[in-house]
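# one predicted model, sequence on top.
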Amino acid sequence: NAGVTQTPKFQVLKTGQSMTLQCAQDMNHNSMYWYRQDPGMGLRLIYYSASEGTTDKGEVPNGYNVSRLNKREFSLRLESAAPSQTSVYFCASSMTGPIYFGEGSWLTVV
Amino acid sequence: GENVEQHPSTLSVQEGDSAVIKCTYSDSASNYFPWYKQELGKRPQLIIDIRSNVGEKKDQRIAVTLNKTAKHFSLHITETQPEDSAVYFCAASKVPFGNEKLTFGTGTRLTIIP
């Protein structure tokens, strides 16, 4: 039982490049989330998916797209990376109550 | 939407003393209040949570209290140890989640002084 798994763990991108962060959970949770955390800052919600087939914008959605591929998988895509998107990205999932985070993906855009 | 304020932003306590972190929330319909601990370079991890039908919950050295009338909740850590040094986040939401989402406070950096 791995919980929430994210890939890649580390990535360096050039400005303008695109990439997709992958997330999968094996806890049969309905809801999944993508957060970003800038150095020394709190957690800001990018997008979330309350159930398979639905997605909604969070606090900071600009520059990102998401896909809820199935109940297990929720991916985050950066279409044209910008230095302001340098951050740690956390995927998370929940059923009713606590949310559980993945280990994080460290993204640097140069 | 929900707004969660957390204080203080930094807290230093002597090893063995107690630490208290306070949060207030704005939406009276919120009924679920978790606390997360985040060590440097690690993911946030749930340490304790409380639902609105309970006023206090304790787990060893950690306790959380909830005052629904005043819309605030607090984390209490007793007999602090060096390994308690971390950033702590409070959060609030309604459960079952449905289309609701967890709103986090801005975090408290707790430092335990040996």
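Perfect, I can see it now. For clarity, every value in this text was computed on a predicted model and none was experimentally measured.
# that's a helix at residue A:84, yeah?
Yes. Counting by DSSP: H, G, I helix; E, B strand; the rest coil, residue A:84 is found in a helix.
# let me see the confidence value for it.
pLDDT for residue A:84: 96.
# hey, which helix or strand in chain B has the poorest pLDDT?
strand B:103-104 (a mean of 90; mean pLDDT, DSSP states H and E).
# report all helices and strands that that one contacts.
Packing partners of strand B:103-104 (3 or more C-beta pairs under 8 Å, 6 or more residues apart in numbering or on different chains; DSSP states H and E): strand B:86-92. For glycine as for every other residue, the C-beta is placed from the backbone atoms N, C-alpha and C.
# packing partners for the strand it packs on?
Using 3+ C-beta pairs under 8 Å, 6+ apart, strand B:86-92 sits against strand B:4-7, strand B:19-25, strand B:32-38, strand B:72-77, strand B:103-104, strand B:108-113.
# that one to strand B:108-113, inter-axis angle?
Relative orientation of strand B:86-92 and strand B:108-113, computed by axes from the mean of the first three to the mean of the last three C-alpha atoms, to 10 degrees: 150 degrees.
# can you list the strands that strand B:86-92 pairs with?
strand B:32-38 (antiparallel), strand B:103-104 (antiparallel), strand B:108-113 (antiparallel) (DSSP bridges).
# lowest-confidence stretch among those?
Taking the mean pLDDT of the strands paired with strand B:86-92, strand B:103-104 comes last: a mean of 90.
# good, we can wrap up now.
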